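Asker: Got a predicted structure here, sequence first:
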Amino acid sequence: MRSAQRVLIPALGIAVFFWTGVSLAQTHDHGGHMAEPSPRAEGETHSHERCELHGGNVFMTPTHPFETVFAPDGIRVYMYASDENPVSMDKISGTVRITTKHGGSRELKLVPNVVKKGESAVYFCPMYDSPPQMAPGRCPGCGMNLILQGGLFAAVDLSKVEPGTVKAVVHLTGLDGKEKEATFTVTNVTEQHNPETSAPPTGQHTHAH
């Protein structure tokens, strides 16, 4: 009997250790947080559509996705959490250095974006109990007031520039968590995804892991 116990107890310990290791490997995300594993169909690739709510280019830093929109009146930057939910940028500031194809370069200060008439705006529940909305109101899930995602803006005339001829180096400070600041580079593209239609997004997706 004692001999059987000596064999059974170590075997149980190895099984528990193996099962725990597999569980942790399946639930650990890129940001160092624990998350439930999400099923992915065979052949499916990673998408950043949830971070393209304004139809811009998405750049992934180690802990945040950033969306940059090139508009005729300037450049807008929006931020998302590691789980790709929209967040506000009230405490974040920064600059953007714009370089054109012909060699001209200038640095502009990013200021809080003021939503203009006809400009897409995103409102989200602070508890994330419902998907982001394109209009203010209350969360249909918990009833809380929706929060404007906001964003940062640098005014510059881009109405006559050709697609692919403008490079923007964005530098942000005042971020929360381990990532206190972020710097990334994006270029203007041929088409922008309209968040109010079902057309597929065409923004560039750059990773910095």
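Answerer: Received the coordinates, thanks.

Asker: Check whether Gly103 sits in a helix, strand or coil.
Answerer: coil (DSSP: H, G, I helix; E, B strand; the rest coil).

Asker: any idea how far Lys167 lies from Gly137?
Answerer: Lys167 sits 38 Å away from Gly137, going by CB to CB, to the nearest Å. (Glycine included, C-beta is placed from N, CA and C.)

Asker: And those two? Which one has more around it.
Answerer: Lys167 (15 against 9; other CB atoms under 10 Å).

Asker: quick one: the more buried one and Val96 touch, right?
Answerer: No. Between Lys167 and Val96 there is no contact under CB atoms under 8 Å: 10.3 Å.

Asker: Common neighbours of these two, please.
Answerer: Counting by CB atoms under 8 Å, 6 or more residues apart in numbering, Lys167 and Val96 have no shared contacts at all.

Asker: just the strands in the chain please.
Answerer: Assigned by DSSP state E, the strands in the chain fall at 57-60, 65-71, 74-80, 86-87, 93-100, 105-112, 123-124, 147-148, 152-155, 166-173, 181-187, 205-207.

Asker: which helices and strands sit right next to the first one?
Answerer: For strand 57-60, the elements it packs on are strand 65-71, strand 181-187, strand 205-207, judged by 3 or more CB pairs under 8 Å, 6 or more residues apart in numbering; DSSP states H and E.

Asker: could the strands of the chain go into JSON lines alongside mean pLDDT?
Answerer: Output for the strands of the chain, formatted as JSON lines (pLDDT from 0 to 100):
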{"stretch": "strand 57-60", "mean pLDDT": "92"}
{"stretch": "strand 65-71", "mean pLDDT": "95"}
{"stretch": "strand 74-80", "mean pLDDT": "96"}
{"stretch": "strand 86-87", "mean pLDDT": "94"}
{"stretch": "strand 93-100", "mean pLDDT": "95"}
{"stretch": "strand 105-112", "mean pLDDT": "96"}
{"stretch": "strand 123-124", "mean pLDDT": "96"}
{"stretch": "strand 147-148", "mean pLDDT": "94"}
{"stretch": "strand 152-155", "mean pLDDT": "97"}
{"stretch": "strand 166-173", "mean pLDDT": "96"}
{"stretch": "strand 181-187", "mean pLDDT": "95"}
{"stretch": "strand 205-207", "mean pLDDT": "44"}
